[in-house]
Each structure stands twice: as structure tokens, then as C-alpha cells.
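**Student:** I'd like to go over a predicted model; first the sequence, then the structure.
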Amino acid sequence: MAKLTTKQRNKLPKSDFGLPGSEKYPMPDKAHAKNAKARATQMENKGKLSESSKAKIDAKANRILDGGKRGGKG
């Protein structure tokens, strides 16, 4: 996974985040999308992320990983 610097992260549009309102789980590429899914699962298992937030992150990551083939279905 390519390193995402603070400067690069700050330049990302909100739409590149799994949770755009809080700018968490950046997904500028497939490697970051895969990592976001893994981190979201960990946080949900710890009780620090709701099931609905995880579903949003997974849906966005799946769209990136599938190249948009699923049409938004996760």
C-alpha cells in the first residue's frame, strides 16, 4: 500500500473517505480500500464502530475494489 502523507490526505475530496463526514477511512486506491475494510471490521468488533457505519465503509470499498461493477451494492 502506498504511503498517504498528511498533505495528500488533506487534498483528498470528502468523497474519497469511507465516512466523509468525519474524514475517516481514506480510500484513494484499491490498497487503501482493502485496508479500510479490515480496519472497519476491527473497530466494529471492538464496539467502536456501528454496524451501519461499517456497512457504508464496506460498500464504498467494494465499489472501489470491483471497479464500480456492483453499482453500489455491497
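**Tutor:** Received it, and whenever you're ready, just let me know what you need. Numbering: from 1, shown residues only.
**Student:** when you work out contacts or count neighbours from here on, use the C-alpha atoms and nothing else.
**Tutor:** Fine.
**Student:** dihedrals phi and psi, the residue nearest in space to the middle of the chain?
**Tutor:** Centroid-nearest residue in the chain: Gly18, 3.6 Å away (criterion: Cα atoms, centre = their mean). Gly18 adopts backbone torsions of phi -70, psi -30, taken as degrees, to the nearest 10.
**Student:** next one: it from Arg63, what distance?
**Tutor:** Gly18 is 11 Å from Arg63, where distance means Cα to Cα, to the nearest Å.
**Student:** for stretch 17-30, buried residues please.
**Tutor:** Phe17, Gly18, Leu19, Glu23, Tyr25, Pro26, Met27, Pro28, Lys30 (16 or more other Cα atoms under 10 Å).
**Student:** which ones are touching the fourth one?
**Tutor:** Which is Glu23. Lys14, Phe17 (Cα atoms under 8 Å, 6 or more residues apart in numbering).
**Student:** quick one: low-confidence parts of this structure?
**Tutor:** Applying pLDDT under 70 to the chain flags the ranges 68-74.
**Student:** let's see that with 50 instead.
**Tutor:** 72-74 (pLDDT under 50).
**Student:** which residues in it form strands?
**Tutor:** With DSSP state E as the criterion, the chain has strands at 17-19, 24-26.
**Student:** now tabulate those in CSV and tack on distance to Ser52.
**Tutor:** Converted to CSV, these look like this (distance: least, Cα to Cα, whole Å):
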stretch, distance to Ser52
strand 17-19, 11
strand 24-26, 15
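**Student:** those strands: which one's closest to Lys7?
**Tutor:** strand 24-26 (12.9 Å; Cα to Cα).
**Student:** thanks a lot, see you next time.
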